[in-house]
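Trainee: when you get a sec, could you give me coordinates for this:
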Amino acid sequence: MKETEEKITAGTQSSSIVIGIGASAGGLEALQQFFSYMPPNSGLSFVVVQHLSPDYKSLMADILGKHTEMSVCQAENHMAVEPDTVYLIPPKKYMTIKDGRLRRGP
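Mentor: I've put the predicted structure just below:
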């Protein structure tokens, strides 16, 4: 890695930037491409909101996990937001972030 890239990466590690990404049910390929190009150590956190059927178990965490070295998990209530992590919101839920923690609603 070049010296300038190392400085940029090191500088973002301490940030608490959370990036929200919304996608329709057909947005899986775009999400796969996006995360395959994201460096796994950017220091950024991602919250993915995708329109999914509540009638079927989502395999999104497994699918996206194959396209990134970042941790990919389903968001839980009161979960601390960590850098280099992708959080997936479950179907039929809304979510906010307060004091660095995810707050899941009905």
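
Trainee: which SSE is the residue nearest to the spatial centre of the chain in?
Mentor: Nearest to the mean C-alpha position of the chain, counting by C-alpha atoms, centre = their mean, stands Val86 at 2.3 Å. Under the criterion of DSSP states H and E, Val86 resides in strand 85-88.

Trainee: now for the helix or strand following that strand, which elements pack on it?
Mentor: Heading C-terminal from strand 85-88, the first helix or strand you meet, by DSSP H and E, is strand 95-98. Packed against strand 95-98 by the contact rule (3 or more C-beta pairs under 8 Å, 6 or more residues apart in numbering; DSSP states H and E) you find strand 45-50, strand 101-104. Backbone N, C-alpha and C define where each C-beta goes, glycine included.

Trainee: CA atoms only: put strand 95-98 into CSV for me.
Mentor: Provided in CSV are the C-alpha atoms of strand 95-98 (Å, rounded to 0.1, in the frame of the first residue of the first chain):
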residue,chain,number,x,y,z
MET,A,95,-34.0,1.7,12.9
THR,A,96,-32.4,4.8,14.4
ILE,A,97,-28.9,5.3,15.9
LYS,A,98,-28.5,7.0,19.3
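
Trainee: give the pairing partners of it; include direction for each.
Mentor: As defined by DSSP bridges, the strand partners of strand 95-98 come to strand 101-104 (antiparallel).

Trainee: so for the partner strand, what gets flagged as buried?
Mentor: Residues of strand 101-104 classed as buried: Leu102 (neighbour count, 16 or more other C-beta atoms under 10 Å).

Trainee: distance of Pro91 relative to Ala75?
Mentor: Distance, Pro91 to Ala75, by C-beta to C-beta, to the nearest Å: 12 Å.

Trainee: give me the mean pLDDT for stretch 93-104.
Mentor: For stretch 93-104, the mean pLDDT works out to 89.
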